[in-house]
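Visitor: I need the structure of the sequence given here:
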Amino acid sequence: MTVKNMTFMIDRLGADCAPLQYVRELTENGLAAIETLPSKTGEIAWDVEWKRYALEKIYKLSVIDTGVGMTGPEMVEYINKLSSSVHLQTAATNYGVGAKIAAAPRNKAGLIYLSWKDGVGSMVHLWRDPDADVYGLRQFHRGEEFDYWTYVGDEVKPPQITDHGTMVVLMGNDIGDDTMRPPEGTPMPSRWILRYLNSRYFQFPEGLTVKAREGWELPQGDSHNFLRTVTGMRPWLDQSSEASGTVDLTNATARWWILKADLDVDSGHYTPLGHAAALYQDELYETATGKSGASRLQSFGLIFGYQRVVIYVEPRNAIENEVTPNTARTSLLMNGEPLPWTEWAGEFRDRLPEPIVRLMEEVGGKAASSDHRQSIRERLKLILDLFKISRYRPATNGSITMDDDSAMTGGKPKELGGAKKDGTGEGGGRGGRAGDIYSLFLASRGIPGEEFELPMDPDRKWVNAADGTRIPPDMEDRAAKYLPAQNLLLINADFRIFTDMITRWTDRYEDRPGVRTTVEQVVREWFEQQLVEAILGGHSLRGSREWTVQDLETLWSQESLTAVVLPRYHIDYNIKRVLGSKLGAAPDRTRAAS
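Guide: Reported below is the predicted structural model:
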């Protein structure tokens, strides 16, 4: 089997790679080359190719390893074939496609490999031929003939290499490109390789050192222009944490750290605090930071204090539980499926380590617990039947009989008096409670059953940035966040819709001292009721044919909950009525002005 259009295939596979994936792939090549040595010790350095810079004054990124090295013919064999590698290829280790796929499409001007083996230097140039528009090795005029490799002198040998090792120079898409400049949007551009490798690797093998250049635009010899050692996350986490441990999960182990409260994180050398990732073969995959990190950690039960917690889940590889990276090395698969984050989160919540529980209690104690539950519940009693979520389930001694369709609410009702329908006919539009009326009528024939109710009234807490119960950018300029697994509603006290309403009524009663606290409680109560009703209304749709789990996630998203509180006419009316009973009628500004 061959590939008809290899250029298209390489470009397409390269598009699936993360922008900095080539840094990982070329580092892995260096690690494998060093582990081939009997001592299994050596160095990898990401640096400027200083010899070239001295001649052209253009910064070109290079990666140097002190591994076993390659001869010219070996480089032709392993670099000019897509799925070819000097190392063992398996689904769990090496594919032989990484560096070529991740780096070549981003360096059409080429990757220049200079390698020394047994003291002899050789060179190949992998590029995209601009005339033929194909990837391959550039030809060199060597002696009387052309070949795809040539010898190279020690004048270009980097100082790390003695008689064996390899240097790869990244040329970019144009010969004049500065390849020390990171892709647009890369974090910490002044030390981007250090940051990427630290956040990508958990730890490096003993006896192997990885370094990355920073301050390269400063004069050589300047103390800030140097190679800094890359450690990976584990040494830093172990050094920077006040507590750590593991939790055993199904087919996985969760490692956790609570980082010190006074930790200095301004250097940017490591992944920001409050994140979660999958750990596999000392590499980190699917790292969630920022908003996604907060959401993942909260799904693991860390409602408060998550910004000081790091969780890495390490799946266990076994015959019945095969773990493999995808081809682009951007995510992990377990038996060909995405990792079971939801199941792991539920197990971790059930087994929360005591230090994490204490941290949450310390931070969560500052959150304002809602004291409006009783008054909201009393009002909602008037319309409780609209929120009552009934299901009919089989029960041997049940007092009612039910049709086997009645175990699911919603959907389209079946026609009365006719044969049993599949729910797709013209029967009366979407279901919900209206559809329930017919699908839940007691059947004259059926199986025993009983009615039961699901407790759905959510817990709720008001959080804000000032006391640390909300960490920006989490919920920034959003009204609320709902965590279904914990049935918890977190309401953003900093949201401008709430604060504007509080200011509006505080100003109306500006002649009454200390009125702001009363106004704040009334305003929060009525907005809280709006949000609670939205949650309860969503639960009434659960289990219907037309509302999937994904649909409910959208319904309860931060954006949707924000939309819930945007209509303010009726809320403002109720706030006015309640404040009038508590504080008396607000002064008439129009009359006062006249």
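Visitor: low pLDDT regions in the chain?
Guide: For the chain, applying pLDDT under 70 flags the ranges 1-3, 82-97, 368-370, 384-385, 387-455, 589-594.
Visitor: pick out the residue closest to the middle of it.
Guide: Nearest residue to the geometric centre of the chain (C-alpha atoms, centre = their mean): residue 288, 2.6 Å.
Visitor: distance of that one relative to residue 13?
Guide: In this view, residue 288 and residue 13 are 25 Å apart by C-beta to C-beta, to the nearest Å. The C-beta positions use only the backbone N, C-alpha and C, and glycine is treated the same way.
Visitor: quick one, what contacts the nearest residue to residue 244 once chain neighbours are set aside?
Guide: Excluding the flanking residues, the one nearest residue 244 by C-beta to C-beta, 6 or more residues apart in numbering is residue 257, at 4.5 Å. Going by C-beta atoms under 8 Å, 6 or more residues apart in numbering, residue 257 touches 237-238, 240-241, 243-244, 309-310.
Visitor: who is residue 257 paired with across the strands?
Guide: residue 244, residue 310 (DSSP bridges).
Visitor: give me the domain ranges for the chain.
Guide: The domain map for the chain lists 6-230, 233-364, 390-453, 459-593, with the assignment taken from automatic domain parsing.
Visitor: helices of the stretch 451-594 of the chain, start to end?
Guide: Shown for the stretch 451-594 of the chain, the helices assigned by DSSP state H, counting those that start in this stretch span residues 496-508, 515-539, 549-555, 558-564, 569-583, 589-593.
Visitor: mind putting those helices in CSV, distance to residue 131 and mean neighbour count included?
Guide: CSV is the format used below for the helices of the stretch 451-594 of the chain (distance: least, C-beta to C-beta, whole Å; neighbours: other C-beta atoms under 10 Å):
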stretch, distance to residue 131, mean neighbour count
helix 496-508, 59, 17
helix 515-539, 60, 20
helix 549-555, 49, 13
helix 558-564, 51, 17
helix 569-583, 69, 14
helix 589-593, 79, 7
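Visitor: select, out of those helices, the one closest to residue 142.
Guide: helix 549-555 (60.1 Å; C-beta to C-beta).
Visitor: possible to save the domains of the chain as TSV with distance to residue 377?
Guide: Below are the domains of the chain laid out as TSV (distance: least, C-beta to C-beta, whole Å):
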stretch	distance to residue 377
domain 6-230	46
domain 233-364	22
domain 390-453	15
domain 459-593	9
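Visitor: which of the ones you listed sits closest to residue 383?
Guide: So among the domains of the chain, domain 459-593 is nearest, using C-beta to C-beta, at 8.8 Å.
Visitor: on that earlier part again, could the helices of the stretch 451-594 of the chain go into a markdown table alongside distance to residue 169?
Guide: As requested, the helices of the stretch 451-594 of the chain are arranged in a markdown table below (distance: least, C-beta to C-beta, whole Å):
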| stretch | distance to residue 169 |
| --- | --- |
| helix 496-508 | 52 |
| helix 515-539 | 56 |
| helix 549-555 | 47 |
| helix 558-564 | 46 |
| helix 569-583 | 64 |
| helix 589-593 | 73 |
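Visitor: the residue lying closest to residue 189 once chain neighbours are set aside: neighbour count?
Guide: Of all residues not flanking residue 189 in the chain, residue 182 sits nearest, at 5.0 Å (C-beta to C-beta, 6+ apart). Around residue 182 there are 20 other residues, counting by other C-beta atoms under 10 Å.
Visitor: surely residue 301 and residue 345 touch.
Guide: Yes - at 7.5 Å, residue 301 and residue 345 qualify as touching, with contact defined as C-beta atoms under 8 Å.
Visitor: do a quick rundown of the strands in the stretch 251-400 of the chain.
Guide: Counting by DSSP state E, counting those that start in this stretch, the stretch 251-400 of the chain has strands at residues 252-259, 275-280, 283-288, 309-315, 323-325, 332-334, 337-338, 368-369, 390-394, 400-402.
Visitor: which stretch among those strands comes nearest residue 465?
Guide: That would be strand 368-369 among the strands of the stretch 251-400 of the chain, by C-beta to C-beta, at 13.3 Å.
Visitor: please pick the buried ones from the contacts of residue 257.
Guide: 237, 240-241, 243, 309-310 (16 or more other C-beta atoms under 10 Å).
Visitor: now do the helices in the stretch 51-200 of the chain.
Guide: Going by DSSP H, counting those that start in this stretch, the stretch 51-200 of the chain shows helices at 72-79, 98-103, 192-200.
Visitor: can you show me the CA trace of the shortest one as PDB?
Guide: I take that to be helix 98-103. Extracted in PDB, the C-alpha atoms of helix 98-103 (Å, rounded to 0.1, in the frame of the first residue of the first chain):
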ATOM      1  CA  GLY A  98       5.700  12.600  15.400                       C
ATOM      2  CA  ALA A  99       8.500  15.100  14.500                       C
ATOM      3  CA  LYS A 100       7.900  14.800  10.800                       C
ATOM      4  CA  ILE A 101       4.200  15.400  11.100                       C
ATOM      5  CA  ALA A 102       4.300  18.100  13.900                       C
ATOM      6  CA  ALA A 103       7.300  20.000  12.700                       C
END
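Visitor: which residues does that helix contact?
Guide: So helix 98-103 is contacted by 10, 13-14, 17, 21-22, 24-26, 28-29, 79, 82, 111, 126, 135, 168, 170, 327-329 (C-beta under 8 Å, 6+ apart).
Visitor: what's the separation between the nearest residue to residue 224 once chain neighbours are set aside and residue 48?
Guide: Counting by C-beta to C-beta, 6+ apart, the nearest residue to residue 224 once its immediate chain neighbours are dropped is residue 215, at 4.1 Å. Using C-beta to C-beta, residue 215 is found at 11 Å from residue 48.
Visitor: more neighbours: which of the two?
Guide: Comparing residue 215 with residue 48 by other C-beta under 10 Å, the one with more neighbours is residue 48, at 20 against 15.
Visitor: other SSEs contacting whichever strand or helix holds residue 238?
Guide: Here residue 238, judged by DSSP states H and E, is contained in helix 233-240. Here helix 233-240 touches helix 192-200, strand 252-259, going by 3 or more C-beta pairs under 8 Å, 6 or more residues apart in numbering; DSSP states H and E.
Visitor: distance to residue 462 added to those, as JSON lines?
Guide: Shown next, in JSON lines, are the helices and strands packed on helix 233-240 (distance: least, C-beta to C-beta, whole Å):
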{"stretch": "helix 192-200", "distance to residue 462": "34"}
{"stretch": "strand 252-259", "distance to residue 462": "25"}
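Visitor: any idea which of those is most buried?
Guide: helix 192-200 (a mean of 23; mean count of other C-beta atoms under 10 Å).
Visitor: other SSEs contacting it?
Guide: Checked by 3+ C-beta pairs under 8 Å, 6+ apart, helix 192-200 has helix 21-35, strand 208-214, strand 226-230, helix 233-240, strand 283-288 packed alongside it.
Visitor: elements contacting the last one?
Guide: Applying 3+ C-beta pairs under 8 Å, 6+ apart, we find strand 283-288 packed against helix 192-200, strand 275-280, helix 290-299.
Visitor: and what of the first one?
Guide: Under the contact definition 3+ C-beta pairs under 8 Å, 6+ apart, helix 21-35 sits against strand 42-48, strand 61-65, helix 98-103, strand 165-170, helix 192-200, strand 208-214.
Visitor: again, only this time at 7 Å
Guide: strand 42-48, strand 61-65, helix 98-103, helix 192-200, strand 208-214 (3 or more C-beta pairs under 7 Å, 6 or more residues apart in numbering; DSSP states H and E).
Visitor: which one of the helices of the stretch 51-200 of the chain lies closest to residue 144?
Guide: Short answer: helix 72-79, nearest of the helices of the stretch 51-200 of the chain by C-beta to C-beta, at 16.4 Å.
Visitor: mind exporting the C-alpha coordinates of the closest one to PDB?
Guide: Written as PDB, here are the backbone C-alpha positions of helix 72-79 (Å, rounded to 0.1, in the frame of the first residue of the first chain):
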ATOM      1  CA  GLY A  72      24.100   9.800   6.900                       C
ATOM      2  CA  PRO A  73      22.500   6.600   5.500                       C
ATOM      3  CA  GLU A  74      20.700   6.100   8.800                       C
ATOM      4  CA  MET A  75      19.200   9.500   8.700                       C
ATOM      5  CA  VAL A  76      18.100   8.900   5.100                       C
ATOM      6  CA  GLU A  77      16.400   5.700   6.200                       C
ATOM      7  CA  TYR A  78      14.600   7.100   9.300                       C
ATOM      8  CA  ILE A  79      13.900  10.700   8.400                       C
END
